[in-house]
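J.: Model the structure of this input:
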Amino acid sequence: MRILVINWRDIRNPEAGGAEVHLHETFSRIAAWGHQVTVLCSRFPGAAESERIDGIDVIRHGGKWTFNLTAPWYYRRRLARLPFDVVIEDINKIPALMPWFLNGPPLMVLLHHLFGTTFYREINPLLATYLYFMERLIPRVYRRCLFEAVSESTRDELVRMGVAADRISVVHNGLDRRFLDAGINDAPAAPVQEDAPAASDGKDAPAAPDGKEPGLVIYLGRLKKYKNVDHLIQAMAIVREEVPGARLVIVGTGDRRRALESLTRSMGLDDVVRFTGFVSEDEKLRLLTCAELAACPSSKEGWGITVIEANACGVPVVAAHVPGLRDAVVDGETGVLVPPGDRKAMARALIGLLHDREERERLAGNAVARSRLYTWENTARQTLQVIRRSMGESPDAA
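T.: Have a look, this model is predicted:
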């Protein structure tokens, strides 16, 4: 099978995020199974115009802000004559409206999440209105396409927008094998015994299981306005009043870093909050295995790969009760969901779990067990089934 995937960025783009990880992990496996995969994406400084990455042929064209406008024309001029069996538009914020330009192979849509009014929190109102309008076109322009959504929340949002439910398949993200292996080695072995001292008797963070640093909370993700990392920093000021040893490590980069560092200084939390910037996957794994809790205050996610990565390492997650995160976190079983934007509620949840080792370990055990369900091999196989449906083949066809 010859597959063309159109996405804003590729895995080597400095601004690559969860959508690019999903694309690369899924389609490198599909390529390894004997299919020909080509990715059309935008350029970035220093990048080659084309290269082969883990079996995927990457073609870069257009700029960061022009790709969705130029990609369709590049396809018509350079790629339309090539014998692709299917084209997949991986919509990442801005649709390229490919149904208007295709004349031949079927088109499938891969969608992580819809931004809606979240655009207005990130960019100027004029550009936000343009992007909001473009997103509203999806049900009309792509009405004859099959969709793959990464979560039930995204599927439900598409249905509310007008996409037929029977045209949407939910295929969850997978996990890097290193994180799955970490869960086997580092998850708490068993809950504390009934005669163990009660953790909530004192205000300091209680003793952690082997490898865990008492009171360590971790945030993983890009530092964007809609991620609400400022809410977490503000919540940590409350946490420290009850758990003096609590600390927060913020892992990731983005255009909000300076503002967040300034907020940290203004609140006198320099000794509480540490920013690591971008880290390697191995360092991310090390930090996760040291943490007792993870937190994700974002206002919207497609699914939340970092949530499941934390779970795989035996780390329960306190997250905002919003689309995507409420799919990734099972409230009361693998973590705790709190009302979005409620700093006090997030602080109370963190304090409660930092004090209650038995509950942390119960959640951690459930989290590790649930994370076993998510492998990139499963994601790739299920994606192939949706592709074959788009082509009119039997999903079980070789």
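
J.: Residue 219 and residue 251 touch, don't they?
T.: Yes. Residue 219 is within contact range of residue 251, at 6.6 Å (criterion: Cβ atoms under 8 Å). Yep, even glycine has a C-beta here, placed from its N, CA and C like the rest.

J.: of those two, who's got more company?
T.: residue 219 (25 against 22; other Cβ atoms under 10 Å).

J.: List the contacts of the closest residue to that one other than its chain neighbours.
T.: Spatial nearest neighbour of residue 219, excluding adjacent residues (Cβ to Cβ, 6 or more residues apart in numbering): residue 250 at 4.8 Å. Going by Cβ atoms under 8 Å, 6 or more residues apart in numbering, residue 250 touches 218-219, 223, 229, 260, 273-276.

J.: Over to residue 329?
T.: 296, 304, 307, 317, 319, 335-337.

J.: Next, give me the two most distant ones among the residues you listed.
T.: Based on Cβ to Cβ, the longest span within those runs between 304 and 336 and measures 14.1 Å.

J.: more neighbours, those two?
T.: residue 304 (28 against 24).

J.: my guess is the more buried one contacts residue 323, does it?
T.: No. Look at residue 304 against residue 323 with Cβ under 8 Å: they stay out of range, at 10.1 Å.

J.: Pull up the gap between the residue nearest to residue 219 and residue 390, please.
T.: Distance of residue 250 to residue 390, computed by Cβ to Cβ, to the nearest Å: 40 Å.

J.: And for the helix or strand harbouring residue 58, what's in contact with it?
T.: Using DSSP states H and E, residue 58 sits in strand 56-60. Residues from elsewhere that reach strand 56-60, judged by Cβ under 8 Å, 6+ apart: 10, 12, 24, 27-28, 31, 36-44, 47-52.

J.: do the same with stretch 126-143
T.: Here stretch 126-143 has contacts from 68, 89, 91, 93-95, 97, 99-100, 107, 109, 114-117, 119-120, 122-123, 158, 161-164, using Cβ under 8 Å, 6+ apart.

J.: hmm, try it at 6 Å
T.: With contacts defined as Cβ atoms under 6 Å, 6 or more residues apart in numbering, stretch 126-143 is touched by 94-95, 97, 99, 109, 114, 119-120, 161-163.

J.: can you check stretch 270-288 too?
T.: Outside stretch 270-288, the residues that touch it by Cβ under 6 Å, 6+ apart are 178, 182, 218, 233, 236, 240, 247-251, 253, 264, 310, 313, 315.

J.: swap in stretch 79-97?
T.: So stretch 79-97 is contacted by 1-8, 19, 23, 68, 71-72, 98, 105-111, 134, 138, 141, 387, 390-391 (Cβ under 6 Å, 6+ apart).

J.: just how off-centre is that stretch within its chain?
T.: Mean-position distance between stretch 79-97 and its chain equals 22 Å (Cα atoms, centre = their mean, to the nearest Å).

J.: And the next helix or strand past the strand holding residue 58?
T.: helix 67-74.

J.: and that next one with strand 56-60, angle?
T.: Computed by axes from the mean of the first three to the mean of the last three Cα atoms, to 10 degrees, the angle separating helix 67-74 from strand 56-60 equals 100 degrees.

J.: So which bits of whichever helix or strand comes after helix 67-74 are buried?
T.: On the C-terminal side of helix 67-74, the nearest following helix or strand under DSSP H and E is strand 86-91. For strand 86-91, the neighbour count (16 or more other Cβ atoms under 10 Å) marks 86-91 as buried.

J.: Walk me through which strands strand 86-91 pairs with, and which way each runs.
T.: Here strand 86-91 is paired, per DSSP bridges, with strand 2-7 (parallel), strand 107-111 (parallel).

J.: just for the stretch 201-350 of the chain, where's the confidence low?
T.: Residue ranges of the stretch 201-350 of the chain with pLDDT under 70: 201-210.

J.: make it 80
T.: Scanning the stretch 201-350 of the chain for pLDDT under 80 picks out the ranges 201-211.

J.: residue boundaries of the helices in it?
T.: Remark: helices assigned in the stretch 201-350 of the chain by DSSP state H, counting those that start in this stretch are 229-242, 257-266, 281-290, 305-312, 325-328, 343-355.

J.: now the angle from the second one to helix 229-242?
T.: Between the axis of helix 257-266 and that of helix 229-242 there is an angle of 20 degrees, by the same axes, to 10 degrees.

J.: Helix 257-266: how far from the chain's middle?
T.: For helix 257-266, the distance to the chain centre is 24 Å (Cα atoms, centre = their mean).

J.: For it, which residues meet the burial criterion?
T.: 257, 260-261, 263-264.

J.: now for stretch 46-58, what's the gap between its first and last residues?
T.: End-to-end distance for stretch 46-58: 15 Å, by Cα to Cα, to the nearest Å.

J.: Average pLDDT for that stretch, rounded please.
T.: Mean per-residue pLDDT for stretch 46-58: 97.

J.: residues of it that come out buried?
T.: By neighbour count with 16+ other Cβ under 10 Å, stretch 46-58 contains the buried residues 47, 55-56, 58.

J.: same question, stretch 355-370
T.: 355-368, 370.

J.: Stretch 26-40 too?
T.: Neighbour counts using 16+ other Cβ under 10 Å place 26-31, 35-40 of stretch 26-40 among the buried residues.

J.: So which of those belong to helices?
T.: Among the buried residues of stretch 26-40, the members found in helices (DSSP state H) are 26-31.
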